[in-house]
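Visitor: based on what follows, work out the 3D shape:
(2 chains)
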2 protein chains.
Amino acid sequence: MDKLWNVELKEYNSNQNRKYETIFTLANGYRGIRGAIEFSKVGERGNFIAGVFDKNTAQVTEIVNCQDPLVFNIYVDNELVDIDKANVLDFNRTLDMKNGILYSNYKLELKSGRIVEIKTERFVSRKNVHRWAAKYTIIPVNFKAKMFIENIIDGTVVNSAQDPAWLTKHFEVVDALDLKPGIALKTRTYDNKIEIVEATKVLSKDEHGNVFKIRKYAKLGERVRELYEFFVEEGKEYVVYKYGVTYTSRDTKEELFAVAHKELVDFVNEGYEKEKEEHSIVWTKLWDGMDIKIKGDDTAQVGIRFNMFQLASSAYADDPRVSVAAKALHGEGYKGHVFWDTEIFMLPFFVYTNPEVAKSLLMYRYNTLDGARRNAQLNGFKGAQFPWESADDGMEVTPKWGVDYDGNPVRIWTGDEEYHINSDIAFGIWEYFRATKDEEFLINYGTEILLDTAKFWNSRLEYNEKEDRYEINRVIGPDEFHEHVNNNVYTNYLAKWNMKKALEVKEWLKEKDFTKYETLCNQLGISDVDFKEWEDKLNKIYIPMAKDGKLIEQFEGYFDLVDIQITEYDENGMPVWPDLKGYKLHETQLIKQPDVVMLMLVLGEEFDLESKKINYEYYEKRTMHKSSLSPSMYSIMGLTVGDTQNSYKYFLKTILTDLEDNQGNAGHGLHAASTGGSWQSAVFGFGGFSVDENEVPNFNPWIPDVWEEFTYTINWRGSKVVVTVDKNDVNITSEKDIDVKVYGKDYRVEANKKLVVSR
Amino acid sequence: MDKLWNVELKEYNSNQNRKYETIFTLANGYRGIRGAIEFSKVGERGNFIAGVFDKNTAQVTEIVNCQDPLVFNIYVDNELVDIDKANVLDFNRTLDMKNGILYSNYKLELKSGRIVEIKTERFVSRKNVHRWAAKYTIIPVNFKAKMFIENIIDGTVVNSAQDPAWLTKHFEVVDALDLKPGIALKTRTYDNKIEIVEATKVLSKDEHGNVFKIRKYAKLGERVRELYEFFVEEGKEYVVYKYGVTYTSRDTKEELFAVAHKELVDFVNEGYEKEKEEHSIVWTKLWDGMDIKIKGDDTAQVGIRFNMFQLASSAYADDPRVSVAAKALHGEGYKGHVFWDTEIFMLPFFVYTNPEVAKSLLMYRYNTLDGARRNAQLNGFKGAQFPWESADDGMEVTPKWGVDYDGNPVRIWTGDEEYHINSDIAFGIWEYFRATKDEEFLINYGTEILLDTAKFWNSRLEYNEKEDRYEINRVIGPDEFHEHVNNNVYTNYLAKWNMKKALEVKEWLKEKDFTKYETLCNQLGISDVDFKEWEDKLNKIYIPMAKDGKLIEQFEGYFDLVDIQITEYDENGMPVWPDLKGYKLHETQLIKQPDVVMLMLVLGEEFDLESKKINYEYYEKRTMHKSSLSPSMYSIMGLTVGDTQNSYKYFLKTILTDLEDNQGNAGHGLHAASTGGSWQSAVFGFGGFSVDENEVPNFNPWIPDVWEEFTYTINWRGSKVVVTVDKNDVNITSEKDIDVKVYGKDYRVEANKKLVVSR
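Guide: You can find the predicted model right below:
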């Protein structure tokens, strides 16, 4: 195996189990299975199926940790193989990202002195998202004995198992089924009565065929179990395959046991190796459209691939009712909720590598528009107000209250005030359309979102009569250190952009498909009267600027705050908290993450280089990077304005967010926004890819000295474009003819001919 | 606390948890709760209710490990207090046997660095067998924090949790109830639909009264849970009481939730301290009737008290449908089955210290007579054939098959061939009557058992025409190394005794209560014709003897076996396996435990001292003591025949069976027969108490040099008799006038006057 394609763990430490359960999660967009070790009880297993949400007694609606089909116990006589009670003689876990397979090797000396070696493979199929499988090769190194394999589907799972106050059970066990052989367990969520079936089957094999001798089946309360007994000889290899199938009532109207059973039978008939091969082929295709190669920097190479691997694993094109959560399908963190992380941080990756998936993610917003409309109504606004945290129906699910370390309740305001999510989604639609020219999408879905978010903004604007301007007051911008602020630039600027873009696009639609345009106006209750009003108001939206006209004030009054700057950095180059001199954090200019700079990245073509530079320099000194969304953005902007050294540091920080757990909470799930940020940092930052105001792709790459060669692939309007940057040149190939700018100069890349531009 | 009343554990080692769960089990005859540490997940918890049996998919009917009401989790913020993940700064567990209370002290440094001290008390009430309680004093040593107390009743419990092949769930969870506050969980066994309710409530207390702030209730699958949140200050003591109540449908016909709830409310109203005090008073009374004092030998003192404490804990007088299992209420070992252990090893303790309980144990056999009759019928015999292993209905429940270490099936023959259980029970009845003269029992219950077992034996005898004698062939005697033997002396001799005693007793009944006699003959289908036949046959029952007429041959042909003797002993004075020289064990004269010697102990008055000596010397050299039932018996016989040194060794071995785990399986439950053997070894052995053929109590005590004074108490025909042996004298007091023999001479002990006899 090629180490540049692998994430490898060579030493066992049970304290790290939760972290590596996230890193070794296998997902396929339909579902995610955390990378638990079958032979350890330490950690937090997770089996998440996209779209399966429930509230019950939880604080808010959350992704359900479903019944666990992974349980696979090995007993030697009556001695359970448990890594935490054994002497670990050999240990290795390797995630093969090229093929999407998790390999593990364990050589364990049990308390009895018996040494058992177990080699495992596991994959969650990308060929058929309802399938997953594992293969176990078991070698009794120094003994012969009776052995038991215990295949269990465990329905005792709860959410927040580690949090006594919020521990919640989200489903009841409906029934168990003996598939003779094989087992299945049906559960049902409390609120929406979603039924979930997990079915598994284990088969054994040696040179004589089947190895198992005796089978026992039992339903043990909320668990269903089949047990196989057999005899093993010293030094021989025993292979056990485990086939898994998953269906929910979201997938089909048919009876789930029957559906899962049929699928399981088909799977077994087709065989483990065939599915594994087809699964690998899907990955090969995925990598072909997205791989980034960094020669000369193995850490960066493995790191960027890890981020792409996990992000690509977290979404698929076939379910337009789900999106990628902040922790993806990798953990219970943030309760499976979808934030602006998706449209602003992750979506570009899909837009430029797998537009079908990007479309599906945007369709999730379209399909939750009714919830967004109810939010607006409940809050006294018009149109559609997308929730800051979104679950299954588009209703706001941000918790209202948290607690601080003394147990005092703390009001969480993001769900009330972080309005910019609406224009973030509108921007996502535009970005997708700009890159794909998918008119069908814009006609049928995108315009409706643009118009209804514009309608929301129009109702949200507050008129300041004295100044004759429109304001948006009492908001939170991307920088969450400052709450209840007035006229946050990011918010106001993008609200204005959203309204303007809505007006542009409705003009486009009017020409393109007048019937659809009329229907839409009818449906949304808008007419030229409204468009006129929007036009008038958007031009009067207040954008606070500094006196010199270049430095932007993050929000009204920000420059009047106490100006405490960052002066020290830790061993990783990350800011150390400066002395607050008795001030509260929100009384200072310290910010959590980019806000003005964020705006300049999202709408890069609207700001000149000097503005970017001035603002980068000002805010970089005041940004604490207390969000995993932060470093990647500074990396990109740093490269834009020429701060290359910091950019490389921020890039590494970003790509290693989970691998090195540098936020300290990788165990809760993937930092999905950071995976998207990693890709943006590579492609928009080092790759220098941007789209200018004329919708021409620009390439202004810069690579660090240590990189011998840097290659990335994007999809521009249906054409695969490969850009390779080495010490001397920028090489661009494209499947179709395209016009580009390289370092500011116009070129034409002819189909399948390499364009070489000197650096 | 007095260390001579305490079993103390001072160091924590999770490997010993299972063993100490047995040692620290608290029971009251109605139920037993294994001495699990609330703050450890390592071990095998057990909650056994006498008489609650189930088979479901198990090999045979077994005692049900019921839902666990003991779960009591403490969280500091979200950090679970778990001893196995903490640094153990201080640890002590003490069983106060005087009062029947288990104390524990833990001082734990959690991973977070927080140090928490927890002092616990726990008791299972002897005042009201449906009640149990615990008290927790929690001290946050070096922190203030939010704390959670999680009170759970766990219905996920299975039997044979450590044994994958036989792991069995014996109940389903029927319902949970929120007692607001308090929780209850109702389960129902699969076969007999016995309902079981556990209900618990936790209350907190500091100087201001209640401490808890927020309560949450949830049913989590098979578990029911209430969670309390509160805030703790550094160094303060927080007290939490936990009240528990248990009812089953065996106890009442009323709805169990209502019954348990009422009981719980009453219990809380009366209060923890009151119940604890009344519970202690019951123990004081029990000890008054049974205590044994050994001055000068602390190990022996604590040891003998431990055996009496646990044996006395294992039975009560109020349920004549249950008896004491081989592992008592202390573990799943031997599946809660009742063996001859009860009548031959444990019953004497109860007969002479608590005859009401002895009667109740015998009533269990009376109440299972119908099962015994069905056994006889199924095996082609007449009368009542008691099962070798007995559960709830008197049907044979000995497993037919076991497996050896290579996983090969091994046929277990004891259930087919170990017939002597029938005369063991008959003897138990006689021993009880001899000591109590409880005529009501003998008239209404005892005679029926004696007659129906005699009838069984009569049908079991085989006529050997050639020798004109009756034989009992293909049997297993107490020594289970030899199966399928013919004419085992123990079996034949006691069968004969059983038939003879039945004939004697029916004569007695005929005179005492002719109507009952006639009714019984009618009911059992017997008449003078049968009695004549029994009389004729019993005199022809073959008892194999050696040539010299003194040494008894264990069974026909035993002396022809290869005579391999024991020559080496291990560091504990226990036999080392001699070289079998290629012979199979059953081809040698090596025996597992006393067989001939056992007979001479049971029917001591029928054998002269010379016979006892000759047989003791012969068999002692050939006994491997591969049963915990063995050493105590050799201890008694050794004292009878003057082998005092070995006797003391065997006595220590017996009393420390569980405390030192010298059979290596204390974790599976109490060695209950050994606890009875311990008492017999003390009272019948060192105390030299026996009853002669004229039913006169004899006292022939001998004590080791290290014992300064030795006192024991027995109940002889309703009179409490206290015997104190010191270096010079034997002192006897009695509540009533009694005639005794001391060292072979006749004395009269006048009521409440001390008889002093020089040694």
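
Visitor: in the stretch 1-150 of chain A, which spans are helices?
Guide: A:17-23 (DSSP state H, counting those that start in this stretch).

Visitor: get me the contact residues on it for chain B.
Guide: A:57, A:73, A:75, A:78, A:80, A:145, A:146, A:148, A:150 (Cβ under 8 Å from any Cβ of the partner chain). All C-beta atoms are positioned from the backbone trio N, CA, C, and that covers glycine.

Visitor: and stretch A:746-759, what's buried?
Guide: Buried residues in stretch A:746-759, defined by neighbour count with 16 or more other Cβ atoms under 10 Å in any protein chain shown: A:747, A:749, A:755, A:757.

Visitor: out of the residues of the stretch 1-150 of chain A next to chain B, give me the one that has the most neighbours.
Guide: Within the residues of the stretch 1-150 of chain A next to chain B, most neighbours by other Cβ atoms under 10 Å in any protein chain shown means residue A:148, with 24 neighbours.

Visitor: report the contact partners of it.
Guide: A:73, A:74, A:75, A:227, A:228, A:229, B:164, B:165 (Cβ atoms under 8 Å, 6 or more residues apart in numbering or on different chains).

Visitor: just want the most central residue of chain A.
Guide: Centroid-nearest residue in chain A, with Cα atoms, centre = their mean: residue A:672, separated by 3.3 Å.

Visitor: which SS class is the closest residue to that one other than its chain neighbours?
Guide: The shortest distance from residue A:672 to any non-neighbouring residue, by Cβ to Cβ, 6 or more residues apart in numbering or on different chains, is to residue A:328 (4.3 Å). In three-state terms, and counting by DSSP: H, G, I helix; E, B strand; the rest coil, residue A:328 is coil.

Visitor: need the nearest residue in space to residue A:102, chain neighbours excluded.
Guide: That would be residue A:122: by Cβ to Cβ, 6+ apart, it lies 4.6 Å from residue A:102.

Visitor: if we can go back for a sec, which of the residues of the stretch 1-150 of chain A next to chain B sit farthest apart?
Guide: A:57 and A:145 (45.6 Å; Cβ to Cβ).

Visitor: against residue B:312, how distant is the residue in the stretch 251-400 of chain A that chain B sits nearest to?
Guide: Proximity of the stretch 251-400 of chain A to chain B (Cβ to the nearest Cβ) peaks at residue A:332, 13.2 Å away. Here the criterion is Cβ to Cβ, to the nearest Å. By it, residue A:332 lies 51 Å from residue B:312.

Visitor: who has more neighbours, these two?
Guide: With neighbours defined as other Cβ under 10 Å, residue A:332 and residue B:312 compare such that residue B:312 has more, 27 against 24.

Visitor: mind listing what the residue of the stretch 251-400 of chain A closest to chain B touches?
Guide: A:44, A:46, A:62, A:63, A:65, A:159, A:160, A:668, A:669.

Visitor: mind jotting down where the strands sit in the stretch 401-550 of chain A?
Guide: A:401-403, A:409-411, A:462-464, A:469-471 (DSSP state E, counting those that start in this stretch).

Visitor: hmm, the second one in reach of chain B?
Guide: So the one you mean is strand A:409-411. No - if you take Cβ under 8 Å from any Cβ as the test, strand A:409-411 misses chain B, and the best it gets is 11.3 Å.

Visitor: how close does residue A:359 sit to residue A:253?
Guide: 25 Å.

Visitor: ignore what I typed, I meant residue A:567.
Guide: 63 Å.

Visitor: okay, those two: which has more neighbours?
Guide: Neighbours were counted for residue A:567 and for residue A:253 using other Cβ under 10 Å; residue A:567 has more, 10 against 7.

Visitor: what does the lowest-mean-pLDDT helix or strand in chain A contact?
Guide: In chain A, no helix or strand scores lower on mean pLDDT, DSSP states H and E than strand A:401-403, which sits at a mean of 86. Residues outside strand A:401-403 that contact it (Cβ under 8 Å, 6+ apart) are A:59, A:409, A:410, A:411, A:412, B:146.

Visitor: reformat those as a markdown table; add pLDDT and distance to residue A:712.
Guide: Formatted as a markdown table, the contacts of strand A:401-403 follow (pLDDT from 0 to 100; distance: Cβ to Cβ, whole Å):
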| residue | pLDDT | distance to residue A:712 |
| --- | --- | --- |
| A:59 | 93 | 41 |
| A:409 | 86 | 47 |
| A:410 | 92 | 42 |
| A:411 | 95 | 43 |
| A:412 | 95 | 38 |
| B:146 | 92 | 48 |
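
Visitor: need the buried ones from those selected in PyMOL.
Guide: The PyMOL command for the buried members of the contacts of strand A:401-403 (criterion: 16+ other Cβ under 10 Å) is given here:
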select buried, (chain A and resi 59+412) or (chain B and resi 146)
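
Visitor: neighbouring strands - and their directions - for the least confident helix or strand of chain A?
Guide: Sheet pairing of strand A:401-403 (DSSP bridges) gives strand A:409-411 (antiparallel).

Visitor: just how off-centre is the lengthiest helix in chain A within its chain?
Guide: Longest among the helix segments of chain A by residue count, using DSSP state H, is helix A:489-512. Mean C-alpha position of helix A:489-512 versus that of the full chain (Cα atoms, centre = their mean, to the nearest Å) differs by 27 Å.

Visitor: which helices and strands sit right next to that helix?
Guide: Applying 3 or more Cβ pairs under 8 Å, 6 or more residues apart in numbering or on different chains; DSSP states H and E, one finds that helix A:489-512 contacts helix A:421-436, helix A:447-460, helix A:514-524, helix A:528-538, helix A:596-602.

Visitor: give me the angle between it and helix A:447-460.
Guide: 130 degrees (axes from the mean of the first three to the mean of the last three Cα atoms, to 10 degrees).

Visitor: re the thing from before, what is the nearest of the buried residues of stretch A:746-759 to residue B:416?
Guide: Looking across these and measuring by Cβ to Cβ, the closest to residue B:416 is residue A:749, at 90.4 Å.

Visitor: list the contacts of that closest one.
Guide: Taking Cβ under 8 Å, 6+ apart, one finds A:721, A:732, A:733, A:734, A:737, A:738, A:739, A:740, A:755 in contact with residue A:749.

Visitor: contact residues of chain A facing chain B?
Guide: So chain A meets chain B at A:57, A:73, A:75, A:78, A:80, A:145-146, A:148, A:150, A:155-156, A:158, A:162-165, A:167-169, A:172-173, A:216, A:218-222, A:227, A:229, A:231, A:403, A:407 (Cβ under 8 Å from any Cβ).

Visitor: any low-confidence regions in the stretch 301-450 of chain A?
Guide: Along the stretch 301-450 of chain A, the parts satisfying pLDDT under 70 run over A:405-407.

Visitor: brain fart, chain A
Guide: Checking chain A against pLDDT under 70 turns up A:1, A:405-407, A:546-547.

Visitor: quick check: domain ranges of it?
Guide: A:3-280, A:441-624 (automatic domain parsing).

Visitor: of these, flag the one that's most buried.
Guide: domain A:3-280 (a mean of 20; mean count of other Cβ atoms under 10 Å in any protein chain shown).

Visitor: closest to chain B out of the contacts of residue A:332?
Guide: residue A:160 (9.2 Å).

Visitor: so how far is residue B:346 from that closest one?
Guide: 49 Å.

Visitor: same check on residue A:424?
Guide: 77 Å.

Visitor: who's in contact with the nearest residue in space to residue A:678 that is not next to it in sequence?
Guide: Spatial nearest neighbour of residue A:678, chain neighbours left out: residue A:307 (3.9 Å); criterion: Cβ to Cβ, 6+ apart. Residues in contact with residue A:307, defined by Cβ under 8 Å, 6+ apart, are A:654, A:655, A:674, A:675, A:678, A:679.
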